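Novice: Show me how the following folds:
(2 chains)
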Amino acid sequence: MATSASKPPKTADVLIIGAGASGSVAAKHLSENGFSVVCLEQGGRVDNGDFWGNKPEWELMSQKRWHPNPNVRDLEQDYPIDTTDSDVNPLMYSAVGGSTILYAAHWQRFMPSDFRVKTLDGVADDWPFTYEELEPFYDQMDVELGVSALNGDPAYPAGTAAPLPPLPIGKIGMKAAEGMNKLGWHWWPAPNSIPSKPYRGRNQCVRWGTCLTGCPERAKASFDHTHWPDALQSGAVLITGARVREITVDQDGLANGATYIDRTGRERHQKAGVVIVCANGVGTPRLLQLSTSGKFAKGLANSSGLVGKNLMMHPYAAVTGYFDEPLESWLGPAGQTIQSMQFYETDKSRGFVRGAKWQVMPSGGPLGMRAAYGGKPLEEAWGANLHRNTRKVFGRAFEWGIIAEDLPDEANAVVLDPTLKDSDGIPAPKIIYKNSDNTKKMIDFHLARAKEAMLAAGAVDVSLTPLMRDCGWHLMGTARMGNDPARSVVNQYGQSHDVPNLFVYDGSVFVTSSGFNPTGTIAAVALRSVKHLIANRRNQKVAA
Amino acid sequence: MSTLDATLRETFAKIADILIPNAEGMPSASEMKVHGEMLDHILDLRPDLRENFLRGLTKAAGRGASEAANDLNKTDAAALTAIGLVASAGYYMTPRVRELIGYPGQQSRPEKDPDATPEYVANGMLQQVIDRGPIFRPTPK
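Specialist: Now for the predicted structure:
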């Protein structure tokens, strides 16, 4: 059960719930600064040798054991999720390192306007800090992760160069860039938290192209490799297989630990002076809603009633282009090769506000391409047509993926399901999520532009995917931060307005979603928050 | 250890050949022996497929392969999906098929000199983007 050599202290200075991106950042920095830290993680450790990316069976195993949808994987450590009322399936992975085990490592920063959407566009809310205030933390996380990028992207203010040179963009990136230049549209070699050279004990990326199902090379910056070795070295105690049922509070209304169930089925309790929840946009509101008591009848930290509300998941659309030349489009990184923010900023003449980031990614092997044929007539999906389709598209296609910014909407929410339970009998989450008219207009616009980009690049045919159902990688907004306790759950440092020694550091705290992959910002915001906690440790109220 | 008898394998091979026939210069599924050891290997790795796969084959037993496949597609799509996945997964793992479609498998191909100037910089492609200037909106401080 416990994966640390150390025995957990009876009362930890800090208890972290969740060993994903934000929990890993917190564990490393707190333990290196002398705090006693215990982290409870419901999943286990993953060995890179367990991944299939360097084996012929890779695609077969990607569709089950290493699928990002927990309802498909159906592992004991995965809690089931009711998605019957959602347009999008939430994706995640339970393990040390969290969803970074299976993420594509697109290491993005939000753009300055993302922090000022109310001021600039009159929608949603501004964040309680600016891009410029977050920038030093972005810089530090680039170094801690080993980001490979080319400095100077005109989509951002001038800033510090990433520690590693960019990854190769391959034939697909070059082809896409040619199209963008013909149109005079922005593109840039994309940043990835994947090392282009050996970095801090991790190997150079060798371009397996299987980041989304785990890196067999031990190159990709998943947080089990980037942060946990340091945290454990500094004395943090990591307990895996620990499914937290409730955050407990004392008679003064302070969080004093958490009750969890270990893999023998035994219920245990870990005491702590401070509790930090890092279970991300679905797990965190679920746990806060499970943690009810006389003083917190609506759930912990929920006086605003906003815990679980404003779920944002980034609807994802794509345009696939087919070319009449071989492009080796199975080759990594995957990862992203180039990106575009040509249509990122608001232009109200388009009929919607905000925008989307685009990225070029490889299209994988021949079996994955078959997934799109489900439900089609037999002669269309199979038979001689299978061979014709494979010849037409395999190795000759790539996609412009479109990450659409969805704005916060209180109707989009995580709630406790009245009947569904996890393997320990704890109520499972239910997702209620619908795309807004703004989002639909945005996706239509971007699909049309991405189709133009593909044709300009020389595509002989294109196919459009208006909304991919299995796309909810980015889980945000369900414990939003802000200065007003009536309109937010935590303050700008992740501290609960209601419970002064309870913090949330994950993507739940996002005020808006941006149109970017969020892990870089989750990590930077977590770093900013934990540094504030460390600097103010003497003033921090703790449970007795 | 396999629990599939010769009859079930034969039924699978016939349906697999409807789905993946000898055509367009490509061999059929059964020519690539997807109903042999490969079948056992796949079901060992993916036991979740077994129920739908076997149900489909049981329904198809004794019928014409084309008729059975079309019927499954209409009445038991989950079964046909499982049969199709087992067939196509085995087929595309076969070295001969990979050679024919030009797929070497996922490759280890590290960049030899990560610090070398990228082609898109050397040939001026990226300079066109730089020359167009910043595209982000300034924000009030």
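Novice: Okay, buried residues for stretch B:69-88 please.
Specialist: For stretch B:69-88, a neighbour-count test (16 or more other CB atoms under 10 Å in any protein chain shown) marks B:69-73, B:76, B:79-88 as buried. Where you see a C-beta, it was placed from the backbone N, CA and C, and this is true even at glycine.
Novice: and chain A, which of those reach it?
Specialist: B:69-70, B:73, B:81, B:84-85, B:88 (CB under 8 Å from any CB of the partner chain).
Novice: so which of those comes closest to residue A:47?
Specialist: Comparing these against residue A:47 with CB to CB picks out residue B:85 as the nearest, at 26.4 Å.
Novice: Just the ones of the buried residues of stretch B:69-88 in helices?
Specialist: When the buried residues of stretch B:69-88 are checked against helices (DSSP state H), the matches are B:69-73, B:79-88.
Novice: Pick out the most distant pair among those.
Specialist: Top of the distance list for these (CB to CB): B:71 and B:88, 19.6 Å.
Novice: these two touch, right, residue A:8 and residue A:237?
Specialist: Yes. Using CB atoms under 8 Å, residue A:8 is in contact with residue A:237, at 4.5 Å.
Novice: What helix or strand is residue 139 located in?
Specialist: No chain specified, so I'll use chain A. If you go by DSSP states H and E, residue A:139 is part of helix A:131-145.
Novice: right idea, wrong chain: chain B
Specialist: Residue B:139 belongs to no helix or strand when assigned by DSSP H and E.
Novice: for it, what are its contacts?
Specialist: By CB atoms under 8 Å, 6 or more residues apart in numbering or on different chains, the contact list for residue B:139 reads A:112-113, A:115-116, A:119-120, A:130-131.
Novice: Over to residue A:204?
Specialist: By CB under 8 Å, 6+ apart, the residues touching residue A:204 are A:195-198, A:219, B:110-111, B:114.
Novice: Among those residues, which one lies nearest to residue A:428?
Specialist: Of the contacts of residue A:204, the one sitting nearest to residue A:428 (CB to CB) turns out to be residue A:219, at 34.3 Å.
Novice: SS state for the closest one?
Specialist: coil (DSSP: H, G, I helix; E, B strand; the rest coil).
Novice: Just give me the neighbour total for it.
Specialist: Residues lying near residue A:219 (other CB atoms under 10 Å in any protein chain shown) number 27.
Novice: who does the longest strand belonging to chain A touch, helix- and strand-wise?
Specialist: Ranked by residue count, the top strand of chain A under DSSP state E comes out as strand A:267-277. Where contact means 3 or more CB pairs under 8 Å, 6 or more residues apart in numbering or on different chains; DSSP states H and E, strand A:267-277 is packed against strand A:11-17, strand A:37-41, strand A:243-249, strand A:255-261, helix A:280-290, strand A:502-504.
Novice: Can you show me the helices along chain A?
Specialist: Along chain A, counting by DSSP H, helices occupy A:21-32, A:58-62, A:70-73, A:117-121, A:131-145, A:170-183, A:223-226, A:228-233, A:280-290, A:378-381, A:384-393, A:437-457, A:519-535.
Novice: Pipe those into a markdown table and attach mean neighbour count, distance to residue A:102 and mean pLDDT per row.
Specialist: As requested, these are arranged in a markdown table below (neighbours: other CB atoms under 10 Å in any protein chain shown; distance: least, CB to CB, whole Å; pLDDT from 0 to 100):
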| stretch | mean neighbour count | distance to residue A:102 | mean pLDDT |
| --- | --- | --- | --- |
| helix A:21-32 | 28 | 12 | 98 |
| helix A:58-62 | 24 | 10 | 96 |
| helix A:70-73 | 18 | 10 | 96 |
| helix A:117-121 | 17 | 29 | 97 |
| helix A:131-145 | 20 | 16 | 98 |
| helix A:170-183 | 22 | 22 | 98 |
| helix A:223-226 | 25 | 12 | 98 |
| helix A:228-233 | 19 | 17 | 98 |
| helix A:280-290 | 27 | 13 | 98 |
| helix A:378-381 | 16 | 28 | 88 |
| helix A:384-393 | 18 | 25 | 94 |
| helix A:437-457 | 20 | 24 | 98 |
| helix A:519-535 | 23 | 12 | 98 |
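Novice: Need the ones you listed in TSV (columns: distance to residue A:421).
Specialist: Listed next are the helices of chain A as TSV, based on distance: least, CB to CB, whole Å:
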stretch	distance to residue A:421
helix A:21-32	24
helix A:58-62	28
helix A:70-73	14
helix A:117-121	38
helix A:131-145	36
helix A:170-183	44
helix A:223-226	28
helix A:228-233	30
helix A:280-290	11
helix A:378-381	37
helix A:384-393	42
helix A:437-457	32
helix A:519-535	28
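Novice: hang on, the earlier thing: distance to residue A:153 for the helices and strands packed on strand A:267-277 - can I get that in a markdown table?
Specialist: What follows is the helices and strands packed on strand A:267-277, written out as a markdown table (distance: least, CB to CB, whole Å):
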| stretch | distance to residue A:153 |
| --- | --- |
| strand A:11-17 | 33 |
| strand A:37-41 | 35 |
| strand A:243-249 | 40 |
| strand A:255-261 | 41 |
| helix A:280-290 | 27 |
| strand A:502-504 | 30 |
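Novice: Same list, these, but as TSV with distance to chain B please.
Specialist: Output for the helices and strands packed on strand A:267-277, formatted as TSV (distance: least, CB to the nearest CB, whole Å):
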stretch	distance to chain B
strand A:11-17	30
strand A:37-41	25
strand A:243-249	23
strand A:255-261	26
helix A:280-290	24
strand A:502-504	25
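Novice: how about the strands in the stretch 401-544 of chain A?
Specialist: All strands of the stretch 401-544 of chain A, identified by DSSP state E, counting those that start in this stretch, fall at A:413-421, A:427-433, A:461-465, A:502-504.
Novice: Out of the ones you listed, which is closest to residue A:525?
Specialist: strand A:502-504 (10.3 Å).
Novice: What's the separation between residue A:145 and residue B:61?
Specialist: With distances taken as CB to CB, to the nearest Å, residue A:145 is found 55 Å from residue B:61.
Novice: again with residue A:346
Specialist: From residue A:346 to residue B:61 the distance is 61 Å (CB to CB).
Novice: Pick out whichever of these two has more residues nearby.
Specialist: It is residue A:346, of residue A:346 and residue B:61, that has more neighbours when counted by other CB under 10 Å, with 19 against 12.
Novice: pLDDT weak spots in the chain?
Specialist: Chain wasn't specified; assuming chain A. Chain A contains residues with pLDDT under 70 at A:1-5, A:369-375.
Novice: sorry, should have said chain B
Specialist: Using pLDDT under 70, chain B drops low at B:1-2, B:141.
Novice: What about residue A:161, how many residues nearby?
Specialist: Residue A:161 - counted by other CB under 10 Å - has 13 other residues nearby.
Novice: For it, give me phi and psi.
Specialist: phi -70, psi 150 (degrees, to the nearest 10).
Novice: Nothing else from me, thank you.
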